[in-house]
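K.L.:
Model the following, please.
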Amino acid sequence: MRKINYHIAVTLDGYICRDDGSIDGFLMEGEHADEFVQSLEKYDSVLMGSNTYKFGFQFGLKVGQPAYPNLQHYIFSNSLDFDSSEAVNLIKGDVLETVRELKGMDGKEIWLCGGGELAGYLFDNDLLDKLTLKVNPVVFGSGRRLFGNSVKTANFTLLSSKRYGNGVILSEYDIASSK
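P.N.:
You can find the predicted model right below:
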């Protein structure tokens, strides 16, 4: 069974973006960013909520296009409307059923790119296996929370941690051990 890794940048106070969806203050360059791009090779699929997918529009991404080359995209949204393609699948139906099917298929790890509400829903339903946090040395004070509105409690097992010269800390956790 494939694993889902919620691999995301976060602030010290647990936000994945500001209230308006911006990420001003996140460090987007440096060794950690280069390693992130290399880490995408361990995935063959990416899951996104509509806000995460729409975030790419400001950088030239068009509706229905893949945000990441070489990854099969699954966009979970009831607000977007476009025809699915070979590379990008719009999922309007049962999130849990679709995710369980994806986990049961052969392939590499599945990357949960965001957002917080989708992550919280999958977390609440025990469908996340790993958590990879790129903790940025910044505090937003408010914004979109790492796990959205989830109030589930859990203890995770730290698998690895790495500190970069710019202050970013990359930490990987096993979530399965908390189930």
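K.L.:
need the strands for this structure, in chain order.
P.N.:
In the chain, the segments counted as strands under DSSP state E are 4-11, 15-17, 43-49, 72-76, 88-91, 109-114, 130-136, 144-145, 157-163, 169-174.
K.L.:
what does stretch 45-64 rub up against?
P.N.:
Stretch 45-64 has contacts (C-beta atoms under 8 Å, 6 or more residues apart in numbering) with 4, 17, 21, 67-68, 71-80, 82-83, 85, 88, 99, 102, 107-108, 110-115, 117-118, 144. C-beta here means a position set from N, CA and C on the backbone, and glycine is covered the same way.
K.L.:
Need the distance between the two termini of it.
P.N.:
Start and end residues of stretch 45-64 are separated by 15 Å (C-alpha to C-alpha, to the nearest Å).
K.L.:
Buried residues in it, which are they?
P.N.:
For stretch 45-64, burial by neighbour count (16 or more other C-beta atoms under 10 Å) applies to 45-56, 64.
K.L.:
Dump the residues you listed to a markdown table, plus distance to Gly93 and pLDDT.
P.N.:
As requested, those are exported to a markdown table (distance: C-beta to C-beta, whole Å; pLDDT from 0 to 100):
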| residue | distance to Gly93 | pLDDT |
| --- | --- | --- |
| Ser45 | 17 | 98 |
| Val46 | 18 | 98 |
| Leu47 | 14 | 98 |
| Met48 | 16 | 97 |
| Gly49 | 15 | 95 |
| Ser50 | 14 | 94 |
| Asn51 | 19 | 94 |
| Thr52 | 19 | 95 |
| Tyr53 | 17 | 96 |
| Lys54 | 20 | 95 |
| Phe55 | 23 | 94 |
| Gly56 | 23 | 94 |
| Gly64 | 18 | 95 |
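K.L.:
any idea which of the residues you listed is the one closest to Phe156?
P.N.:
Using C-beta to C-beta, Leu47 comes nearest to Phe156 of these, at 19.6 Å.
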